[in-house]
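1. Prediction below, plus the sequence it came from.
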Amino acid sequence: MKTSDFYFDLPEELIAQTPLEKRDTSRLLVLDRESGQTAHMHFFDLPKLLRPGDCLVLNDSRVLPARLLGHRIPSGGAAEVLLLVDRGEKVWECLVRPGRKVRTGTRLSFGDGLLTAEVVEVLDNGNRLIRFEYEGIFLELLEQLGKMPLPPYIKEELNDPERYQTVYSKEVGSAAAPTAGLHFTKELLHEIEAMGVRICYVTLHVGLGTFRPVKEDDILDHEMHSEYCMISAETAETINRTKREGGRVICVGTTSCRTIESWAAPDGTMQESAGWTNIFIYPGYRFKVLDCLITNFHLPESTLVMLVSALAGREHILNAYREAVEQRYRFFSFGDAMFITDQMPALEETQPKSDA
């Protein structure tokens with residue numbers, strides 16, 4: 001398979017720059033993965049698509065306010081640092097700007113000296129190992145000094161940083177939000193739980209590699225990035241019970257999907273697990289656990305378009321994406337959502353196709 005097989009034309013004006021005022025008013029394109037049939041709804045209609053006994057799997061990772069703006073000591077020149085991986089002992093692997101002026105031994109200051117740092121090593125990939133110096137709790141300092149590391153295709157400033165967090169985010173560690181979950185409100189989750197749908201959580205800390213383009217012509221030559229993920233014993237048992245009793249496992253987001261598929265046994269059973277995954281899901285992959293997927297609309301030729309194509313078929317996905325473009329859906333992190341289902345329910349009335 002070629003990377004170009006997963007290309008679609010996307011007008012730039014459809015890339016959502018800001019979140020909607022209310023999370024669950026985003027639009028929802030429903031896709032039957034067997035027939036390719038589509039329906040148009042809103043996210044608050046999601047309970048109509050769920051059944052008692054189903055299980056929703058959500059990623060509870062919380063985005064680290066990992067973008068630090070400061071200056072070099074003693075020159076005073078501007079410096080920007082993006083935290084990537086905690087290496088322990090107050091050392092983080094980071095991206096820096098301007099790279100040519102932030103070398104080994106460079107000292108940095110943030111927040112008028114509340115946080116200082118020194119570059120201790122330049123890695124082969126151009127990232128830096130930086131040792132931070134501070135008093136108190138590092139995460140509290142980041143909440144005070146750090147900014148949200150928004151994806152490169154979002155040019156607008158985010159007024160409320162919590163809009164780039166899910167309402168159930170808990171485990172701090174992501175460099176980007178698990179965006180399919182941004183559509184949920186606490187009220188909607190309560191409504192879903194009240195109808196007999198089980199809700200459980202996994203943790204996958206999203207890395208910036210999720211935005212890395214596929215540069216190889218043959219997708220099998222692409223080196224997939226690694227991300228840390230965890231499944232609790234309680235979540236594993238909830239998923240196993242759902243399968244035993246004939247319910248569907250519905251992942252919220254590709255991150256939840258990649259987590260459970262990474263650790264599932266060949267027979268689809270789950271157990272408590274933790275570790276790094278670099279699973280690459282593309283057409284031909286046989287899903288062991290997942291039945292349905294709630295996801296956003298992804299970048300052309302990305303590994304995430306390949307993942308949803310593995311579930312619903314490349315032609316069905318590209319046709320649905322073309323339809324979403326025609327109907328002026330909003331794309332990417334702050335955009336609209338898609339529900340890829342195993343069976344299109346009998347819907348009395350779908351929402352009008354276009355809100356434009």
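-> Great, that's in hand.
2. three-state assignment of residue 151?
-> coil (DSSP: H, G, I helix; E, B strand; the rest coil).
3. So residue 247, which state does it fall into?
-> coil.
4. measure it to residue 239 for me?
-> 10 Å (Cβ to Cβ, to the nearest Å). (C-beta placed from N, C-alpha, C; glycine too.)
5. So which of those two has more stuff around it?
-> Neighbours of residue 247 and residue 239, each counted by other Cβ atoms under 10 Å, are more numerous for residue 239; the result is 26 against 21.
6. is it fair to say the more buried one lies in a helix?
-> Yes - judged by three-state DSSP, residue 239 forms part of a helix.
7. And it, how far from residue 55?
-> Residue 239 is 6 Å from residue 55, by Cβ to Cβ.
8. re the thing from before, which neighbours do residue 247 and residue 239 share?
-> Any residue near both residue 247 and residue 239 by Cβ atoms under 8 Å, 6 or more residues apart in numbering counts here, and that gives residue 55.
9. what bits of this protein have low per-residue confidence?
-> Flagging of the chain using pLDDT under 70 yields the residue ranges 347-356.
10. tell me the centre residue of it?
-> The centre of the chain sits closest to residue 178, judged by Cα atoms, centre = their mean, with a distance of 2.8 Å.
11. was I right about that residue contacting residue 257?
-> No - with contact defined as Cβ atoms under 8 Å, residue 178 does not count as touching residue 257 (10.5 Å).
12. can you give me phi and psi for the closest residue to residue 161 other than its chain neighbours?
-> Closest residue in space to residue 161, ignoring its immediate chain neighbours: residue 148 at 4.9 Å, by Cβ to Cβ, 6 or more residues apart in numbering. In terms of degrees, to the nearest 10, the main-chain angles of residue 148 are phi -70, psi 130.
13. which residues sit in contact with residue 148?
-> Each residue near residue 148 by Cβ under 8 Å, 6+ apart is listed here: 63, 65, 67, 158, 161, 164.
14. quick one: contacts for residue 264?
-> For residue 264, the contacting residues are 270, 288-289, by Cβ under 8 Å, 6+ apart.
15. Show me whatever sits in contact with both of residue 239 and residue 55.
-> Joint contacts of residue 239 and residue 55 (Cβ under 8 Å, 6+ apart) are 200, 249.
16. part of a helix, is residue 48?
-> Yes - under three-state DSSP, residue 48 sits within a helix.
17. so how many other residues sit close to residue 138?
-> Neighbour tally, residue 138, other Cβ under 10 Å: 14.
18. how close does it sit to residue 230?
-> In terms of Cβ to Cβ, residue 138 sits 21 Å off from residue 230.
19. again with residue 224
-> 19 Å.
20. what about the two, which has more around it?
-> More crowded of residue 224 and residue 230, by other Cβ under 10 Å: residue 230, with 19 against 16.
21. Run a quick neighbour tally on residue 181.
-> Neighbours around residue 181, by other Cβ under 10 Å: 26.
22. residues in contact with residue 63?
-> By Cβ under 8 Å, 6+ apart, the contact list for residue 63 reads 148-149, 164-165, 169, 172, 174-177, 206.
23. redo that, cut-off 7 Å
-> 148, 164-165, 174, 176-177 (Cβ atoms under 7 Å, 6 or more residues apart in numbering).
24. How about residue 259?
-> With Cβ under 7 Å, 6+ apart, residue 259 has these contacts: 202, 204, 229, 231.
25. so which strand or helix has the third one?
-> Think residue 229. Using DSSP states H and E, residue 229 falls within strand 227-231.
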